[in-house]
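Student: sequence unknown, structure follows:
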Ligand SMILES: Nc1ncnc2c1ncn2[C@@H]1O[C@H](COP(=O)(O)OP(=O)(O)OP(=O)(O)O)[C@@H](O)[C@H]1O
Ligand SMILES: [Mg+2]
């Protein structure tokens with residue numbers, strides 16, 4: 001961990017992030033599997049090309065590039081991409097997160113300690129507290145912070161120059177960023193779900209790094225069931241490896257992958273238990289919807305934000321769930337996938353909502 005970061009004690013989350021990386025085994029594997037350079041990064045051709053231009057042009061002009069916002073569902077490579085930005089620039093990276101920046105002073109300490117050209121990475125930037133956010137405006141625009149000295153009527157604000165830096169923000173909800181903050185990023189990379197072919201490359205790469213014998217069909221089977229998400233692909237690969245080692249000869253084939261994923265409750269389409277619980281509640285308890293997100297979350301015993309940020313994006317992309325102004329609706333594909341017969345009005349958003357009150 002960087003001593004500058006420790007010195008100013010930027011809150012527990014920074015420490016959590018960094019110590020979790022070194023202490024927790026699974027997280028450590030994740031670090032091992034992180035692509036380090038832009039050309040090692042599989043997929044996201046659009047973001048990669050755009051970012052390449054932003055970085056190369058800044059490099060040629062000898063200035064730090066514009067601030068970069070990376071947005072998209074969990075596990076698509078935002079953190080990896082942030083590290084790559086720093087690596088490509090040959091810059092040091094300071095890591096913190098929105099929730100860790102509760103007091104503006106935490107941020108001021110971090111900012112005033114940056115060296116020219118550093119990359120400051122703020123994960124979950126949509127969760128930054130208001131005073132810190134306002135401090136960030138000035139820092140991003142003018143490389144300046146106003147430090148308030150003293151309290152009450154005698155308090156004075158001293159402007160402090162900070163080193164020119166590049167802010168990289170990551171968020172799973174770009175929609176909940178305030179306008180002023182969003183406007184101060186010169187480039188926004190919208191990370192998309194990966195194709196099956198791209199995920200095959202992700203699995204192949206991870207299998208090589210982790211030394212897991214796997215054939216083409218095994219790769220394809222894992223890729224197909226990874227919900228378009230590299231983190232899930234890597235995780236499923238490790239679980240299939242466990243199964244292959246304990247119940248088989250260690251080799252991962254299509255049949256081994258299928259049998260293993262059955263044990264781990266990952267279905268044909270890659271939906272996991274929570275995804276199916278959401279679809280199950282939506283269809284069985286709420287007649288297909290529309291139903292509000294918080295009601296749906298209570299029905300499956302999860303936080304609304306988890307359902308919204310982790311489950312929904314993929315269910316929407318898979319064409320099983322639709323977001324309507326009146327709430328979430330199960331599509332015909334959802335009923336079919338669960339082996340249920342959709343009522344004639346399934347998927348219609350003009351349906352009445354008495355089922356909203358069925359659950360407490
Ligand atoms: N393009 C990629 N190629 C290969 N592996 C990838 C790629 N993107 C992500 N991964 C793998 O997926 C894991 C998760 O990626 P990362 O932590 O960057 O996602 P994230 O978008 O920051 O997720 P979160 O929103 O949960 O913070 C990485 O450790 C890495 O192993
Ligand atoms: Mg991340």
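Tutor: On my side now, so go ahead. Please read all numbers here as calculations on a predicted model, not as lab measurements. Ligands and ions are numbered 1, 2, ... in the order given.

Student: what's across from the residue lying closest to residue 122 once chain neighbours are set aside in the sheet?
Tutor: Nearest non-adjacent residue to residue 122, counting by Cβ to Cβ, 6 or more residues apart in numbering: residue 169, 5.1 Å away. From N, CA and C alone the C-beta is placed, and that goes for glycine too. Per DSSP bridges, the residues bridged to residue 169 are residue 69, residue 122.

Student: report how many residues lie close to residue 30.
Tutor: Look at residue 30: counted by other Cβ atoms under 10 Å, it has 18 neighbours.

Student: pretty sure it is in contact with residue 233, am I right?
Tutor: No - Residue 30 lies out of contact with residue 233 (Cβ atoms under 8 Å); the separation is 11.8 Å.

Student: where does the stretch 201-350 of the chain come near ligand 1, residue by residue?
Tutor: 202, 230, 231, 234 (Cβ under 6 Å from any ligand atom).

Student: and the next helix or strand past the helix or strand hosting the third one?
Tutor: Residue 231 belongs to helix 230-247 when elements are defined using DSSP states H and E. Following the chain from helix 230-247 toward its C-terminal end, the next helix or strand by DSSP H and E is helix 254-263.

Student: hmm, who's touching that next one?
Tutor: 215, 217-218, 220-222, 225, 236, 239-240, 242-244, 247-248 (Cβ atoms under 8 Å, 6 or more residues apart in numbering).

Student: which ChimeraX command selects the buried ones in these?
Tutor: One line in ChimeraX is enough to select the buried ones among the contacts of helix 254-263; burial here means 16 or more other Cβ atoms under 10 Å:
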select :218,220,221,222,225,236,239,240,243,244
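
Student: what's near enough to touch the residue of the stretch 1-150 of the chain found nearest ligand 1?
Tutor: Using Cβ to the nearest ligand atom, the closest approach of the stretch 1-150 of the chain to ligand 1 is made by residue 77 at 2.8 Å. Residue 77 sits next to 35, 41, 43, 44, 191, 230 when contact means Cβ under 8 Å, 6+ apart.

Student: and the closest residue to the third one other than its chain neighbours, what element?
Tutor: In other words, residue 43. In space, and not counting its chain neighbours, residue 43 is closest to residue 198: 3.9 Å by Cβ to Cβ, 6+ apart. Here residue 198 sits within helix 196-210, counting by DSSP H and E.

Student: packing partners of the next helix or strand after that helix?
Tutor: Note on helix 196-210: by DSSP H and E, the next helix or strand toward the C-terminus is helix 216-224. For helix 216-224, the helices and strands in contact under the criterion 3 or more Cβ pairs under 8 Å, 6 or more residues apart in numbering; DSSP states H and E are helix 196-210, helix 230-247, helix 254-263.

Student: got the angle between helix 216-224 and helix 254-263?
Tutor: 30 degrees (axes from the mean of the first three to the mean of the last three Cα atoms, to 10 degrees).

Student: if anything else comes up later, I'll come back, but that's it for now.
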